[in-house]
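1. got a predicted structure here, sequence first:
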Amino acid sequence: MIEFTGRRMNGHGSDHQGIAKLQWVNRQSGNSDLSDVRPTLVDFVRKNPGQSRVKDSSGKWAEVRVVEAQPPYLRSYADGVPANNLLALPEI
């Protein structure tokens, strides 16, 4: 299970498609990194459904899923509803 903790935008917009890199931590192993959203993290989330998450401002968990657009991107879903938790992460 990985938790996203920070984001870096690509300079081509302020929406989810504009997220270029996400900082993450594996709470079980302690590993952490800053990885490209495409293709690295999109591939990880596709291959490991339900294993990526982000906290919202109240501390609740939201699942991160792939939005199958052109190009694909990541978005959080709180209780199954699209949310902006990734955009609320601190800029790194």
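-> Yep, that arrived.
2. state the distance from the residue of the chain positioned farthest from its centre to R38.
-> The C-alpha centroid of the chain is most remote from S29, which lies 18.6 Å away (Cα atoms, centre = their mean). Distance of S29 to R38, given as Cβ to Cβ, to the nearest Å: 24 Å. For glycine as for every other residue, the C-beta is placed from the backbone atoms N, C-alpha and C.
3. which phi and psi does the closest residue to L89 other than its chain neighbours have?
-> Excluding the flanking residues, the one nearest L89 by Cβ to Cβ, 6 or more residues apart in numbering is R7, at 4.5 Å. When read as degrees, to the nearest 10, the backbone of R7 gives phi -140, psi 160.
4. hmm, who's touching the one helix or strand L87 maps to?
-> Counting by DSSP states H and E, the element that carries L87 is helix 85-88. Identification of contacts with helix 85-88 by Cβ atoms under 8 Å, 6 or more residues apart in numbering yields 4, 7, 14-16, 19, 22, 54-57, 62, 64, 74-76, 78.
5. mind doing that once more with 10 Å?
-> Here helix 85-88 makes contact (Cβ atoms under 10 Å, 6 or more residues apart in numbering) with 4, 6-7, 9, 14-16, 18-19, 22, 37, 53-57, 60-64, 73-78.
6. so which elements touch the top helix by length along the chain?
-> Longest helix in the chain by number of residues (criterion: DSSP state H): helix 42-47. Counting contacts by 3 or more Cβ pairs under 10 Å, 6 or more residues apart in numbering; DSSP states H and E, helix 42-47 is packed against strand 61-67, strand 73-78.
7. dump these into a markdown table; add mean pLDDT as well.
-> Formatted as a markdown table, the helices and strands packed on helix 42-47 follow (pLDDT from 0 to 100):
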| stretch | mean pLDDT |
| --- | --- |
| strand 61-67 | 97 |
| strand 73-78 | 96 |
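8. in JSON lines: the ones you listed, plus distance to A88.
-> Shown next, in JSON lines, are these (distance: least, Cβ to Cβ, whole Å):
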{"stretch": "strand 61-67", "distance to A88": "10"}
{"stretch": "strand 73-78", "distance to A88": "9"}
